[in-house]
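Asker: Here is a sequence with its predicted model. Questions after.
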Amino acid sequence: MGGVQAIFRLWLWASVGVIALSNRIQQPWHERYERAFFDRQKGWIDGAEEFHRLCRVACAGPNILEIGAGPSNPTSRFLSTLGEVHGIDPDPAVATNDALLTATTLKGSKFPFADDTFDSCVSNYVCEHVADPLGHLAEVRRVLKSGGTYVFRTVNKFHYVGLVASLTPHWFHKLVANRLRGLATGTQDPYPTKYRMNTGHAIAEIAKRARLSVEAIRYVEKEPSYGRFSRVAFVILTGYERVVNSHAFFQGLRANLFVVLRK
């Protein structure tokens, strides 16, 4: 009887091992690499979660305007846990965003809201697309209540992604951007970029002109999403991440700017 039990246990452990190996082989390589190099169990958090943590701390009240809300997405859903979220976007797809209390297709540069309406405004990867950043911040200031905040994440122009994007035409972005990130066919094409408010210095200067105070500008580098097209590229760009996060001296080369402006 003991021999039968021993054989059964051996078969069971072997089966579990085969299933685990099969799942590992079927899992996309970039997911395995990300787990190996950026282990959440060891305290790593991705860029979206870190931005959401900033929003939780910096949003000044429960009435939020998400600028560039787009269709349903994790950031809109997160913001809806903080309060009522109203969304605007030039893309009519904003009407499909399931986290918004109201969704408005933006026509022109003026936001369709009265002065002093919102406790906070939030943008996630929007400011790199803005052609008139001073006009944009002036509208943000107008619709914010006194003491309200504008919290946003945007691309650093001096990161390799920003440099390549600013030096190449939009048709090239549409051709390669989603492929480099390993995104599925049918994913929304990237929007045209302007990079007119995408350095710490530019943000500070334009915010001053718009009469908004700079509460925080932080440079952030996370896992190399643009390295998902190649194992070699992923490893090289992971090395880049390790270098630019090793010392504050390199912070100007990090991928993103996390910003808090206050009225």
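Answerer: Cool, the structure landed.
Asker: Can you show me the helices along the stretch 101-250 of the chain?
Answerer: Using DSSP state H, counting those that start in this stretch, the helices of the stretch 101-250 of the chain run over 133-143, 160-167, 170-180, 200-209, 231-244.
Asker: Need the contact partners of the longest one.
Answerer: It stands for helix 231-244. Contacting residues not belonging to helix 231-244 are listed as 29-30, 33, 37, 160, 221-224, 226-228, 250-251, 253-254 [Cβ atoms under 8 Å, 6 or more residues apart in numbering]. C-beta here means a position set from N, CA and C on the backbone, and glycine is covered the same way.
Asker: Pretty sure Leu134 sits against Ala207.
Answerer: No. No contact is recorded between Leu134 and Ala207 when judged using Cβ atoms under 8 Å, the distance being 9.4 Å.
Asker: When the two are compared, which one has more neighbours?
Answerer: Ranked by neighbour count (other Cβ atoms under 10 Å), Leu134 and Ala207 place Ala207 first, with 24 against 15.
Asker: For Leu163, give its distance to Asp46.
Answerer: 23 Å (Cβ to Cβ, to the nearest Å).
Asker: can you check Phe234 too?
Answerer: In terms of Cβ to Cβ, Phe234 sits 15 Å off from Asp46.
Asker: ok, the two, which is more surrounded?
Answerer: Shown here are Phe234 and Asp46; by other Cβ under 10 Å, Phe234 has more neighbours (22 against 14).
Asker: Who are the contact partners of Arg142?
Answerer: Phe111, Asp115.
Asker: Now do Arg242, the pLDDT please.
Answerer: pLDDT recorded at Arg242 is 96.
Asker: cool, the one 10 residues further on as well?
Answerer: In this model, Gly252 is scored at 96, pLDDT.
Asker: Excluding covalently adjacent residues, which one is nearest to it?
Answerer: Phe158 (5.8 Å; Cβ to Cβ, 6 or more residues apart in numbering).
Asker: in the chain, what spans have low per-residue confidence?
Answerer: Under the criterion pLDDT under 70, the flagged ranges of the chain are 1-27, 170-190.
Asker: now the strands for it?
Answerer: 63-67, 84-89, 102-105, 118-124, 144-155, 213-220, 256-262 (DSSP state E).
Asker: Remind me what the shortest one packs against, helices and strands.
Answerer: This means strand 102-105. Strand 102-105 sits against strand 84-89, with contacts defined as 3 or more Cβ pairs under 8 Å, 6 or more residues apart in numbering; DSSP states H and E.
Asker: Give the buried residues for the strand it packs on.
Answerer: Within strand 84-89, the residues scored as buried using 16 or more other Cβ atoms under 10 Å are Glu84, Val85, His86, Gly87, Ile88, Asp89.
Asker: what does stretch 95-110 give?
Answerer: Neighbour counts using 16+ other Cβ under 10 Å place Asn97, Ala99, Leu100, Ala103, Thr104, Leu106 of stretch 95-110 among the buried residues.
Asker: At the geometric centre of the chain, which residue sits there?
Answerer: Nearest residue to the geometric centre of the chain (Cα atoms, centre = their mean): Ala48, 5.1 Å.
Asker: Does that one touch Ser76 like I think?
Answerer: No. If you go by Cβ under 8 Å, Ala48 and Ser76 don't touch, sitting 11.7 Å apart.
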